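> This is a predicted model, with the sequence first.
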Amino acid sequence: MSDGEDFTGSTGRNETREEQLDRNWAELLQELRVLQTGVQILAGFLLTLPFQQRFEDLDVFQVGLYLVNVVIATLTTAFILLPVSVHRRLFRQRLKETLVSSADTITKIALAGVGMLSVGTAALVFDVTAGRTAGLTAGGILLAVLLVLLVYVPLRLNKRAAEQ
């Protein structure tokens, strides 16, 4: 089948492969925009902490957790920006399928980064405000909840859809 030929794939849509890739690319970009906003808010919060008077009272564990969160925020931001950089490199080279496939993988990594950043930030806040036990407990519970929501639920839905 040629690129310009219409087909009805597993989506039930009557679109060419190029139209499907364009739609997938647009959907991925929208998802990345949503992720970017969340990461920017958390990163902005983290970047203001050293300028707070109470920051000097943090113990070694809290400072380490803070710095790990800053690194995760920075790397997650880089992963969110990576598909745009890849697009610029692959632009007009007729590699849309490579672009969409790589952006899908990159977006999954960025989602994991957002999850880790959320857990780490919450653990830090709980640790500073309610103590080490509360911080570790909150971090553990949130990690478990996010694993269920971000990994188990999508896998379960995919399995259910495959069974239909």
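Structure received. Note that this is a predicted model, so its numbers are computed, not measured.

> Strands of this structure, start to end?
For the chain, the strands defined by DSSP state E cover 7-8, 14-15.

> Quickly, which of the ones you listed bottoms out on average pLDDT?
For the strands of the chain, the weakest mean pLDDT is recorded on strand 7-8, namely a mean of 50.

> What separation is there between the closest residue to residue 135 other than its chain neighbours and residue 69?
Closest residue in space to residue 135, ignoring its immediate chain neighbours: residue 127 at 2.7 Å, by Cβ to Cβ, 6 or more residues apart in numbering. (Glycine included, C-beta is placed from N, CA and C.) Taking Cβ to Cβ, to the nearest Å as the measure, residue 127 and residue 69 are separated by 11 Å.

> In the lengthiest helix in the chain, which residues are buried?
When the chain is scanned for its longest helix (criterion: DSSP state H), the result is helix 96-130. Neighbour counts over helix 96-130 (16 or more other Cβ atoms under 10 Å) mark 96, 99-100, 102-103, 106-107, 110-128 as buried.

> do the same with stretch 80-90
Quick answer for stretch 80-90 (16+ other Cβ under 10 Å): 80, 82-83, 86-87.

> list the contacts for the spatially most central residue of the chain?
Nearest to the mean C-alpha position of the chain, by Cα atoms, centre = their mean, lies residue 111 at 2.1 Å. For residue 111, the contacting residues are 35, 150, by Cβ atoms under 8 Å, 6 or more residues apart in numbering.
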